[in-house]
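Asks: need a 3D model of the following:
(2 chains)
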Amino acid sequence: MNAPMVSVTDLAMGFGEVTLFEHLSFEVERGEVFTILGGSGCGKSTLLRCIIGLETPRRGEISIAGIGRPNLDAGRPPFGVMFQSGALFGSMTVAENVAVALKQWTDLTPDAIAAVVLAKLRQVGLESAGNKFPAEISGGMKKRAAIARALALEPELIFLDEPSAGLDPVSAVELDDLILSMNRAFGLTVIIVTHELESIFKIATRCIMLDKATKGIIASGDPKQLRENSTDPRVHSFFNRLARSS
Amino acid sequence: MEFLALPSAPPELRLQGDLKFSEAARLWESTRKRIDTVKAGETIHFDVSRVDSVDGGTMALLVHLRNELKFRGVRSEFIGATGRVKELVHLYHGDEAPVRVAARKPRGTFDQIGEATLSIVSELREVLGFFGAMLLGVVGLLREPKTANWKEVPYLMEKTGADAVPIVVLINFLVGFVMAFQGAVQLKQFGANIFVADLVGLSVTRELGPLMTGIIVCGRSGAAFAAEIGTMKVSEEIDALRTMGFGPYRYLVMPRTLALMLVLPLLTLLADLVGIAGGLLVGLLSLDLTISGYLHETQKAVRTWDVFSGVVKSVVFALAIGLISCQQGFATSGGAEGVGRRTTSSVVTILFSLILIDALFTLFFYFFGL
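Replies: As a prediction, the model looks like this:
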């Protein structure tokens, strides 16, 4: 039996005297589009950073593909990450950004790398922007380029931090379509941190919702079903865009 | 705008007309004068029934005055508000019980001392963490030399070395020139003009050549490295590097430090040459020395070890500039302001370190007779 793609058990994290979340446990199956939801400041991005190994949790277990917590200092991680800002390397062109991991971790010749880069850029609709620097392209293009870079080494798992934040509605829909097509075509497991409702309902197969007050998960499951059936007022107000009375 | 304080029961402050923020100062003064006389337990309402319009700033001030009265135990409300005026009263919470906002306490001297101490401890921890990670990086590099970004070294050498040549030449020439002039004034009195060559030759090769070059490279490349890595840190590029399996120390710090360690000795040798040339010019122009005489005296005074000791210093300077600037870059947080702060801090720390290292070298050479 295949191990879950991501397994989190009794995770706790905070900074200084502030506890962001504790006793978090959940699993993400292979091929899922899984979203981590919650209001601002509830620790969604920090949870993602813990899972990918950029932060050390206070307590708990994390396992990716059944091989334990990723050690970023021990070579090539088995996943790709798209950061909220895109985090493209400003001194490199878009194509060089996509090529950088290929140069490091494969034995491909430069012309083969160029071919892979072109294919990846075409996949995200950026084949004509390969020679541009990140400062010369729009926010949506940066995010798509970052996805191409994250997919360069053909990972089975990709993490996306607020992929549609700050994008116009058309670019956001295009990005959602791209994520969905990659999930369907390659069976890619996608873990997304977001609070964009349109995006959640369109692409997520399952979600968990974090809550700042209780520092834990207050709902998990299919987001459409949670919107219809949840009796928790916090979940109800989140999914139905209702202001919560304090 | 009109303001009337009526002797009604309960007393009222009746406001009428258009209340504009541009005239709010008069309203504030007169209203405050009136409410200052009201005592706890009394009642005074703000009658706004005849107000035609009011803007947000004026309403904020009126709500503040009403809240002040409430805190003093005076009963006070807005009465007669309708339409947009009523909406504004509600928007500024003038129809709710006021909430006391605790003023931020100014930090006391002990707080500041404590915070500064904690910040030093935290900085030390970061520096130690950086050097620990660097050591691990070096060990990893010895095992897998391919994992460092060696391809960037020639480019970095060009940026830190070749591009710095004009400024290094200019400054060190002027240093030799000025030193020769200052020395000449004294040496002329004793008829010892020729010893200007000794003074300039020894000072430039042993001290000023490496030090001035180190300072120039600190200002150019040290600041640039700190700002570049700091910007990468705040824009999550360092995180992106890590999640792609690139150790940022191997990928960013080592090529930069190595490039500096390769170019700074070369720049120092160049600095020695042009510094001596600066002294030579003074010798020719104002001390009636000949080129061959000056160079011969320089050759007699300056031993190979004098030049070599400056080069050794420059290698250590390069190591300090590379490591400190990168460490400051990695310690950056807080956006553009943080990048600026760390860049400044990087330059100051490097300059201090260069002087300290130079002093330690001087003591070491002195005690060992070198």
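Asks: pretty sure residue B:265 contacts residue B:315?
Replies: Yes. Residue B:265 is in contact with residue B:315 according to C-beta atoms under 8 Å; the separation is 5.9 Å. Every C-beta, even on glycine, is put in place using the N, C-alpha and C of the backbone.
Asks: more crowded one of those two?
Replies: residue B:265 (21 against 16; other C-beta atoms under 10 Å in any protein chain shown).
Asks: name the helix or strand for that one, please.
Replies: helix B:254-286 (DSSP states H and E).
Asks: buried residues in that helix?
Replies: Neighbour-count burial for helix B:254-286 flags B:254-283 (criterion: 16 or more other C-beta atoms under 10 Å in any protein chain shown).
Asks: next one: stretch A:231-245
Replies: A:234, A:235, A:236, A:238, A:239.
Asks: just the helices in the stretch 251-370 of chain B please.
Replies: B:254-286, B:291-301, B:304-330, B:335-367 (DSSP state H, counting those that start in this stretch).
Asks: burial measure for residue A:167, as a count.
Replies: If we define neighbours as other C-beta under 10 Å, then residue A:167 has 19 of them.
Asks: do you know how far it is from residue B:335?
Replies: 21 Å (C-beta to C-beta, to the nearest Å).
Asks: sec struct for the spatially most central residue of chain A, please.
Replies: Nearest residue to the geometric centre of chain A (C-alpha atoms, centre = their mean): residue A:160, 2.0 Å. Using DSSP: H, G, I helix; E, B strand; the rest coil, the structure places residue A:160 in strand.
Asks: around chain B, which positions in chain A sit nearby?
Replies: For chain A, the residues in contact with chain B (C-beta under 8 Å from any C-beta of the partner chain) are A:49, A:52-54, A:72-73, A:75-77, A:79-81, A:83-85, A:87-90, A:100-101, A:104-105, A:146, A:149.
Asks: all strands for chain A, in order.
Replies: A:6-15, A:18-28, A:33-37, A:59-64, A:80-82, A:157-161, A:189-193, A:206-211, A:216-221 (DSSP state E).
Asks: tell me which residues of the fifth one are tucked away?
Replies: Judged by neighbour count using 16+ other C-beta under 10 Å, the buried positions of strand A:80-82 are A:80, A:81, A:82.
Asks: okay, now the sheet partners of it, with direction.
Replies: strand A:157-161 (parallel) (DSSP bridges).
Asks: ok and the partner strand relative to strand A:59-64, angle-wise?
Replies: 120 degrees (axes from the mean of the first three to the mean of the last three C-alpha atoms, to 10 degrees).
Asks: in CSV, list the buried residues of strand A:80-82 along with pLDDT.
Replies: CSV is the format used below for those (pLDDT from 0 to 100):
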residue, pLDDT
A:80, 92
A:81, 93
A:82, 93
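Asks: next, format the helices of the stretch 251-370 of chain B as TSV and append distance to chain A and mean pLDDT.
Replies: Shown next, in TSV, are the helices of the stretch 251-370 of chain B (distance: least, C-beta to the nearest C-beta, whole Å; pLDDT from 0 to 100):
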stretch	distance to chain A	mean pLDDT
helix B:254-286	13	94
helix B:291-301	43	93
helix B:304-330	14	94
helix B:335-367	12	93
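Asks: who wins for proximity to residue B:100 among those helices?
Replies: With distances scored as C-beta to C-beta, the stretch of the helices of the stretch 251-370 of chain B nearest to residue B:100 is helix B:335-367 (32.0 Å).
Asks: between helix B:304-330 and that closest one, find me the angle.
Replies: Going by the same axes, to 10 degrees, helix B:335-367 makes 160 degrees with helix B:304-330.
Asks: and the residue nearest to residue A:69 when sequence neighbours are not counted, bridged to which residues?
Replies: Spatial nearest neighbour of residue A:69, chain neighbours left out: residue A:62 (4.5 Å); criterion: C-beta to C-beta, 6 or more residues apart in numbering or on different chains. Per DSSP bridges, residues listed as beta-bridge partners of residue A:62: residue A:8.
Asks: what number of residues lie near residue A:62?
Replies: 19.
Asks: any idea how far residue A:24 is from it?
Replies: Taking C-beta to C-beta, one finds residue A:62 at 10 Å from residue A:24.
Asks: for residue B:65, same thing?
Replies: Distance from residue B:65 to residue A:24, by C-beta to C-beta: 49 Å.
Asks: okay, these two: which has more neighbours?
Replies: residue A:24 (24 against 18).
Asks: can you list the low-confidence ranges for chain B?
Replies: The model of chain B has pLDDT under 70 over residues B:1-10.
Asks: close to chain A: what parts of it are there?
Replies: B:136, B:140, B:147, B:231-232, B:235-237, B:239-240, B:242-247.
Asks: a helix runs through residue B:204, doesn't it?
Replies: Yes. Counting by three-state DSSP, residue B:204 is located in a helix.
Asks: so what's it closest to, chain neighbours aside?
Replies: The nearest residue in space to residue B:204 (C-beta to C-beta, 6+ apart) is residue B:275, at 3.5 Å.
Asks: neighbours of residue B:83, just the number please.
Replies: Residue B:83, neighbours per other C-beta under 10 Å, totals 10.
Asks: quick one, the helix ranked longest in chain A and strand A:33-37 angle?
Replies: Looking across chain A with DSSP state H, the single longest helix is helix A:169-186. On the basis of the same axes, to 10 degrees, helix A:169-186 is oriented at 140 degrees to strand A:33-37.
Asks: what residues of helix A:169-186 count as buried?
Replies: Counting neighbours by 16+ other C-beta under 10 Å, helix A:169-186 gives A:171, A:172, A:174, A:175, A:176, A:178, A:179, A:182, A:183 as buried.
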